[in-house]
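# return atomic coordinates for the entry below.
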Amino acid sequence: MNHIYTGLDIGNGEIKVVVVNACDNNYYVLASTSVKTLGLKKNTIYDDKKLKNSLLKALKITEEKLGMKIREVILTLPANRASMTMESGLVNIRGDRVRGKDIDAVIKDTIEDTYDNTRELVSCLPISFTVDEEASVINPLDEVGEKLFLKAVVATSPKEEIYPFINIARSIGINITDIIYNTQADYYTVSTKELDRKMGAIINIGADITSVGVFNKGIMIKNSYLPVGSSSVDKDISFIYKVDLKEARKLKETFALSSSRYADNNDSVSLTNKEDKKITINQMQLSEVIESRIKEILKLAKNEINRLTKREISYIIVVGGISELAGFNYVVEETLGRNASCFNMTVIGARHNKYTSAFGSCKYFDRKCLLKERDINMFDLDEINNFISPKKKNVNNDNMTNKFFGHFFEN
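Numbering: from 1, shown residues only. Now for the predicted structure:
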């Protein structure tokens, strides 16, 4: 059965919205949107009105692509002061076999009395289930027994840190169906069966914040963040060449490379700077500026990983919009080692690394629903039926085809 979910990632640089159709563990992007974020800096809301307007714009654009109204979302949140603890729960199985209601009950037992009223539950991620002291399993559905035991990682955050984001969404009529940390959501995008067996880390380089998460068998056990991100690269370019930040971003995204090794010393661009002077910018020199800052951020992130855990790390995966720059993977390997790589988002409809958190939140929610045997759709069934089989009097099939193929080619 098809289930349609919306993932919302309110980043410091951009707001990202991704609508996903989940069917039999396959995930298809129906629409994706990103707009510039206003009113938010370093995960702190300083202007509610500006942030609301940015969010409304992102949702409106997405709704126009879909032809459906967005009412519910899975919201990704920063994990600045997250607390993660190992907890356990035990319940009696209500029937002969484990069902979703039993899993829901043991999760509730696991989280009971694990945090005070100043904090909010973000996730309870199962490590393993055990039925009647038999061998542990990842998914206990249909297992026969009398008692169900769960070992899980319970993650909470201060209410004062996450409620402002939830309230902003609710203030414009959006219901928050579930929440998840950005870096946890990133893992659901990059995960493979091989990674699910290993210890590793994910680095998400955002606009103002770089998030670092340490994962053991697919579950985030430690996290940290750095108050530096891709906007620092823009500021470096702006300062050195005396151009405004908008021009600096344009140079970064359309002309420069992240690795000076592959830049062309003979390639240059001419422009007029803020001092009204005509300047010529060399691609290699500009790339050296960018490379220097990226290496600094990656080295700081590596130090955070070493501080968070003394255990051997099998992989480091780097995500974030800036990782789309040409040559970024070479800088990652050179700085972090051969077990490190830059993720490449190849999902049709959201082919950009800035969408990893929003897309991953939908995968996380779908797997959670499957485990609990919950049948949830975030859109009205009539709208979904009309979307799948549009009536001629309401929608022109050719226009719909053109609209969606156009969206896929854009992404």
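# in contact with Phe343, which residues?
Thr189, Val190, Ile317, Val318, Val319, Ser323, Asn353, Thr356 (C-beta atoms under 8 Å, 6 or more residues apart in numbering). Every C-beta, even on glycine, is put in place using the N, C-alpha and C of the backbone.
# what of Thr156?
Counted by C-beta under 8 Å, 6+ apart, Thr156 has contacts Ala82, Ser83, Thr114, Tyr115, Arg119, Glu120, Leu121, Val122.
# just the buried members of those?
Among the contacts of Thr156, those scoring as buried are Ala82, Thr114, Tyr115, Arg119, Glu120, Val122 (criterion: 16 or more other C-beta atoms under 10 Å).
# let's have the residues you listed in CSV, adding secondary structure and pLDDT.
Output for the buried ones among the contacts of Thr156, formatted as CSV (DSSP: H, G, I helix; E, B strand; the rest coil; pLDDT from 0 to 100):
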residue, secondary structure, pLDDT
Ala82, coil, 93
Thr114, coil, 94
Tyr115, coil, 94
Arg119, strand, 96
Glu120, strand, 96
Val122, strand, 96
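# which of the residues you listed sits closest to Ser292?
Within the buried ones among the contacts of Thr156, the smallest distance to Ser292 is 30.8 Å, found for Ala82 (C-beta to C-beta).
# now the two most distant members of the buried ones among the contacts of Thr156.
Across those (C-beta to C-beta), the longest gap, 13.6 Å, separates Ala82 and Thr114.
# out of the buried ones among the contacts of Thr156, which one sits closest to Val154?
Thr114 (5.2 Å).
# circling back to that earlier point, just put the contacts of Phe343 in JSON lines and tack on secondary structure, pLDDT and distance to Gly218.
Listed next are the contacts of Phe343 as JSON lines, based on DSSP: H, G, I helix; E, B strand; the rest coil; pLDDT from 0 to 100; distance: C-beta to C-beta, whole Å:
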{"residue": "Thr189", "secondary structure": "helix", "pLDDT": "97", "distance to Gly218": "12"}
{"residue": "Val190", "secondary structure": "helix", "pLDDT": "97", "distance to Gly218": "10"}
{"residue": "Ile317", "secondary structure": "strand", "pLDDT": "98", "distance to Gly218": "13"}
{"residue": "Val318", "secondary structure": "strand", "pLDDT": "97", "distance to Gly218": "18"}
{"residue": "Val319", "secondary structure": "strand", "pLDDT": "97", "distance to Gly218": "16"}
{"residue": "Ser323", "secondary structure": "helix", "pLDDT": "94", "distance to Gly218": "21"}
{"residue": "Asn353", "secondary structure": "helix", "pLDDT": "95", "distance to Gly218": "20"}
{"residue": "Thr356", "secondary structure": "helix", "pLDDT": "97", "distance to Gly218": "15"}
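# so which of the residues you listed wins on neighbours?
Thr356 (32 neighbours; other C-beta atoms under 10 Å).
# contacting residues for it?
Ala185, Asp186, Thr189, Val190, Asn204, Val319, Gly320, Phe343, Met345.
# now with 7 Å, please.
Asp186, Thr189, Val190, Val319, Phe343, Met345 (C-beta atoms under 7 Å, 6 or more residues apart in numbering).
# not counting stretch 240-255 itself, show me its contacts.
Counting by C-beta under 7 Å, 6+ apart, 233-234, 237-238, 269, 273-275, 279, 281, 283, 286, 289-290 sit against stretch 240-255.
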